[in-house]
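Enquirer: Starting from these lines, generate the structure:
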Amino acid sequence: MADTRPTLLWHRRDLRLSDHPALEAAARRGGPVIPVFIRDRLVGGLGTAPAWRLELGLEHLGQSYAEKGSRLILRAGHALSVLQDLIEETGAGAVHWMRAYDAESVERDREVKSALKDQGVAAESFAGHVMFEPWSVETKTGGFYKVYTPFWRAVRDRDVPEPIATPGRIPAPESWPASDSLRDWALGAGMDRGAAVVRPYVRLGEGAAQSRLGAFTANLIGDYDTTRDLPAEDGTSNLSENLALGEITPAQCWAAGRRAQEDGKAGAGTFLQELVWREFAYHLLWHTPQLDSGNWRREWDAFPWNEDERRSEVIAWKRGRTGMAFVDAAMREMYVTGRMHNRGRMIVASYLCKHLMSHWRIGKAWFEDCLIDWDPASNALGWQWSAGSGPDATPYFRVFNPETQVDRFDKQRRYLRRWIAEGQQDPPAEALSYFDAIPRSWKMAPGDAYPEPIVGAKEGRERALKAYENRDF
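Expert: This is a model prediction of the structure:
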């Protein structure tokens, strides 16, 4: 007989109704489904921009449930305690959730699953945040992959489950448990005046994510091989924002990419490889949790990086005032849009870690605070790759030159003009928006003189290489 007791559907980074195995299984149980989001310690630790973007996502998810005759219940507190309270209040016989792979989430989820099962509650987690569970991809010797290319070869021909549809009906309980107010949570309060600047660049919810994916595969994916490296071009999918909060799934993106590949669109294969980079990041984060906090290559532990965020060079980097136009343009793009072009991410990371000889953890933390598409695995891998301290890293002797990178990827300086107002007689709106988004305490204005480089391209490279020569790599 079907268990008609309610099922609690615990949402985390899965703000959607489609391709949602935990929701689909909950609806199949036969009883009411009670969606819930918990503001626990992990949510409370989010940076400013990710917390604001989460608030927007939760509001939209609540509206999606309302359209289905359901509700999203909001509660704050220790996750296990909140779930136990809701079980007592509703008589729920099961709790479902989508898996997470960072160490803190894994520890929390194991505690929840163990305790609930001891109480006789059916606690079940489901796959879907990644396409390939990290423990399911092994080398021939049974270990995990530490280099991307063989990882790609191992998964590229694997079957990815077809995305599942939104349940036609989400059974509601006769009475709903009490819910906190999202407004009272004020998750986005830290954005202050920056919220109004960034908001027009947000594409909110699974409908917008699907539209993004459709437009990309219809119009842009064919030239993706080349345009993805040109920051002035609209050449990428821009789906990182939606993938980060699970408003779209990698399986949905993979299916669309495969169809484009079958249609003969040249850049589709590269798009699929980029999706697998995300998989690789989660693979590594699961197997080596230190990726998020310490040097993956332990030989870098003694390297004399600056770890003082108060140094004037680091402050200039954060504010887009290094005097290196490519670096500054990318940092300002992040403040205005909440995202940064991938080419820019490599340049600003290399400049901080190598030209400024500052620890990658400083940059990682700044991105955690400023990016609406912040992702724990991709952010950690990206910074360690750029610094040279991580798996599959750029060689330590490769130091990106911000000046020659402009000549190669922004020849007409369109990207630079779009984001740097100083020195332009009639700056574009995007460049001016930066000064509306930043804290007033920075005391910056479009009419300021643009700074000279705090560390020149050649000077910084030579200083970095000299430091590397004294290390036994």
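
Enquirer: The top strand by length along the chain pairs with which strands, and in what direction?
Expert: Among the segments of the chain that qualify as a strand by DSSP state E, the longest is strand 33-39. Here the strand partners of strand 33-39, with direction, are listed using DSSP bridges: strand 7-11 (parallel), strand 73-76 (parallel).

Enquirer: just how off-centre is it within its chain?
Expert: Distance, stretch centre to chain centre, for strand 33-39: 22 Å (Cα atoms, centre = their mean, to the nearest Å).

Enquirer: So for it, mean pLDDT?
Expert: The pLDDT scores in strand 33-39 average 98.

Enquirer: Can you say which of the strands paired with strand 33-39 is nearest to Leu285?
Expert: strand 7-11 (20.9 Å; Cβ to Cβ). C-betas here are computed from N, CA, C, even on glycine.

Enquirer: that older thread, please identify the most buried of the strands paired with strand 33-39.
Expert: The highest mean neighbour count among the strands paired with strand 33-39, using mean count of other Cβ atoms under 10 Å, belongs to strand 7-11: a mean of 26.

Enquirer: could you point out which element follows that one?
Expert: helix 21-28 (DSSP states H and E).

Enquirer: how about that next one: buried residues?
Expert: Judged by neighbour count (16 or more other Cβ atoms under 10 Å), helix 21-28 contains these buried residues: 21-27.

Enquirer: Alpha carbons of stretch 208-215, as CSV, please.
Expert: Taking C-alpha atoms only, stretch 208-215 is exported to CSV below (Å, rounded to 0.1, in the frame of the first residue of the first chain):
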residue,chain,number,x,y,z
ALA,A,208,14.5,32.1,-17.8
ALA,A,209,17.2,29.5,-17.6
GLN,A,210,15.5,27.3,-20.2
SER,A,211,15.1,30.4,-22.5
ARG,A,212,18.8,31.1,-22.1
LEU,A,213,19.8,27.6,-23.0
GLY,A,214,17.4,27.6,-26.0
ALA,A,215,18.7,30.9,-27.3
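
Enquirer: where do the strands sit along the stretch 201-350 of the chain?
Expert: With DSSP state E, counting those that start in this stretch as the definition, the stretch 201-350 of the chain shows no strands.

Enquirer: domain ranges for this structure?
Expert: For the chain, the domain assignment from automatic domain parsing gives the residue ranges 1-128, 130-161+197-287, 298-469.

Enquirer: how far does the shortest one sit from the chain's center?
Expert: Relative to its chain's centre, domain 130-161+197-287 lies at 12 Å (Cα atoms, centre = their mean).

Enquirer: End to end on it, go ahead and measure it.
Expert: Across its full length, domain 130-161+197-287 reaches 14 Å between end residues, using Cα to Cα, to the nearest Å.

Enquirer: okay if I get the buried residues of helix 21-28 as JSON lines plus distance to Gln273 and pLDDT?
Expert: Converted to JSON lines, the buried residues of helix 21-28 look like this (distance: Cβ to Cβ, whole Å; pLDDT from 0 to 100):
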{"residue": "Pro21", "distance to Gln273": "25", "pLDDT": "98"}
{"residue": "Ala22", "distance to Gln273": "28", "pLDDT": "98"}
{"residue": "Leu23", "distance to Gln273": "30", "pLDDT": "98"}
{"residue": "Glu24", "distance to Gln273": "29", "pLDDT": "97"}
{"residue": "Ala25", "distance to Gln273": "31", "pLDDT": "97"}
{"residue": "Ala26", "distance to Gln273": "34", "pLDDT": "97"}
{"residue": "Ala27", "distance to Gln273": "35", "pLDDT": "96"}
